[in-house]
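Asks: Could you work out the structure for the sequence below:
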Amino acid sequence: MIDSYAGSDDAAVAIAGARAGADVVRALYGRRLDRIDKGAGDFATAADLKAEKAILAVIRAARPDDAVLGEEGGRHGDADAVRRWLVDPLCGTLNYAVGNMLVAVNVALLGGAAAVADPFSGEVFFTDGATARVRRDGADDALLTPTPGTRLVDVNLDPPFPGAPGFRAVDLLAHPEFGARFRPRVVSTTLALAWVAAGKRAAYVTDGGDLSRSVHFAAGIALCRAAGCTVTGIDGAPVGEAGRGLVAAADEETHGALMSMIRSRR
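Replies: Coordinates of the predicted model:
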């Protein structure tokens with residue numbers, strides 16, 4: 001079946017890769033999996049490794065000349081290749097390891113198509129670079145429509161915290177205007193970024209450096225941009241070399257409110 005992707009467009013390849021990884025993650029869920037220590041409290045499991053292998057098989061069959069950067073396996077292919085795929089086979093490994101189903105599989109072509117699969121809902125959020133949609137088994141693809149209506153803001157509290165002391169996520173949560181306007185959530189996976197694009201979250205905030213080329217964040221950022229969300233760094237600069245971290249909001253008003261709170265705590 002992998003060979004059938006050879007003539008597909010990039011969005012189809014991203015979707016197929018994300019689904020292949022999600023199939024592995026779902027199949028291994030609930031099993032006792034050894035942890036592979038990566039240092040600083042981080043680890044991988046056999047599910048991470050096998051899911052990445054499945055995704056790589058799809059990309060290699062469809063785009064053999066493209067380079068790939070995988071979270072677990074590192075770089076594959078020509079280092080000078082113009083096209084590069086970014087793969088996070090299991091975002092939310094700690095959630096998964098303790099029996100929590102809040103995880104995501106992220107596949108993105110740098111600067112192009114991307115897909116985020118939820119292994120347990122069966123949803124695949126994807127973009128061709130122009131529009132953002134969700135695919136559910138047995139249903140037509142639906143456009144993603146961001147909205148701040150839920151008032152739920154997902155805030156990443158996982159270390160490290162490179163923005164401290166200038167920015168601390170806990171300070172944002174403690175801001176009196178935050179509690180008056182929003183309700184915090186912490187799902188500990190970038191599935192929450194797809195939820196911003198889909199209208200299930202009003203915004204997502206995380207500390208960090210340049211996240212535009214991150215295997216964890218590239219797919220979610222692409223989805224949010226294609227859906228029409230307002231996306232910048234926590235410093236207000238465009239995400240990329242100039243921006244630090246990420247504020248992805250359903251609309252400009254929500255983004256502006258969060259930026260005002262962030263700046264007032266510095």
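
Asks: helix, strand or coil for the closest residue to residue 218 other than its chain neighbours?
Replies: Once flanking residues are discounted, residue 218 sits nearest to residue 108: 4.1 Å by Cβ to Cβ, 6 or more residues apart in numbering. The way it works is simple: take the backbone N, C-alpha and C, and place the C-beta from them, glycine included. Under DSSP: H, G, I helix; E, B strand; the rest coil, residue 108 falls in the strand class.

Asks: Hmm, residue 108 is touching residue 223, no?
Replies: No - assessed by Cβ atoms under 8 Å, residue 108 is found out of contact with residue 223, at 9.1 Å.

Asks: measure the residue nearest to residue 217 when sequence neighbours are not counted to residue 219 for me?
Replies: Leaving aside its chain neighbours, residue 217 sits nearest to residue 211 (4.2 Å; criterion: Cβ to Cβ, 6+ apart). Taking Cβ to Cβ, to the nearest Å as the measure, residue 211 and residue 219 are separated by 11 Å.

Asks: And residue 11, by the same measure?
Replies: 12 Å.

Asks: How about residue 33?
Replies: Taken as Cβ to Cβ, the span from residue 33 to residue 219 is 24 Å.

Asks: What segments of the stretch 51-200 of the chain are helices?
Replies: 93-97, 169-174, 176-181, 191-198 (DSSP state H, counting those that start in this stretch).

Asks: would CSV of those helices with mean pLDDT and distance to residue 151 be doable?
Replies: Listed next are the helices of the stretch 51-200 of the chain as CSV, based on pLDDT from 0 to 100; distance: least, Cβ to Cβ, whole Å:
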stretch, mean pLDDT, distance to residue 151
helix 93-97, 95, 23
helix 169-174, 93, 14
helix 176-181, 96, 7
helix 191-198, 98, 13
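
Asks: Out of the ones you listed, which is closest to residue 86?
Replies: helix 191-198 (13.7 Å; Cβ to Cβ).

Asks: how far does that closest one sit from the chain's center?
Replies: Relative to the centre of its chain, helix 191-198 is centred 8 Å away, using Cα atoms, centre = their mean, to the nearest Å.

Asks: Please apply the same query to stretch 175-184.
Replies: With Cα atoms, centre = their mean, you get 24 Å for stretch 175-184.

Asks: residues in contact with it?
Replies: With Cβ atoms under 8 Å, 6 or more residues apart in numbering as the test, stretch 175-184 has contacts from 151-155, 172-173, 202-203, 257, 260-261, 264-265.

Asks: Stretch 254-266 too?
Replies: 148, 153, 166-168, 171-172, 175, 177-178, 181, 202-203, 205, 230, 232, 234, 236, 247, 249.

Asks: how about a cut-off of 6 Å?
Replies: 148, 166, 171-172, 175, 177-178, 202-203, 230, 234, 236, 247, 249 (Cβ atoms under 6 Å, 6 or more residues apart in numbering).

Asks: Mind putting these into CSV with neighbour count and distance to residue 88?
Replies: Below are those laid out as CSV (neighbours: other Cβ atoms under 10 Å; distance: Cβ to Cβ, whole Å):
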residue, neighbour count, distance to residue 88
148, 21, 26
166, 15, 27
171, 17, 28
172, 22, 25
175, 17, 30
177, 13, 33
178, 19, 28
202, 27, 24
203, 29, 21
230, 21, 23
234, 23, 21
236, 15, 26
247, 25, 20
249, 26, 22
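
Asks: quick one: which of these sit in strands?
Replies: When DSSP state E is applied, the contacts of stretch 254-266 are split such that 203, 230, 247, 249 fall in strands.

Asks: Against residue 86, how distant is the closest residue to the first one other than its chain neighbours?
Replies: Of all residues beyond its chain neighbours, the one nearest residue 203 is residue 249 (4.1 Å), with distances taken as Cβ to Cβ, 6+ apart. Relative to residue 86, residue 249 is positioned 23 Å away (criterion: Cβ to Cβ).

Asks: Please identify the buried residues of the longest helix seen in the chain?
Replies: Looking across the chain with DSSP state H, the single longest helix is helix 10-28. The neighbour-count check on helix 10-28 (16 or more other Cβ atoms under 10 Å) flags 10-26, 28 as buried.
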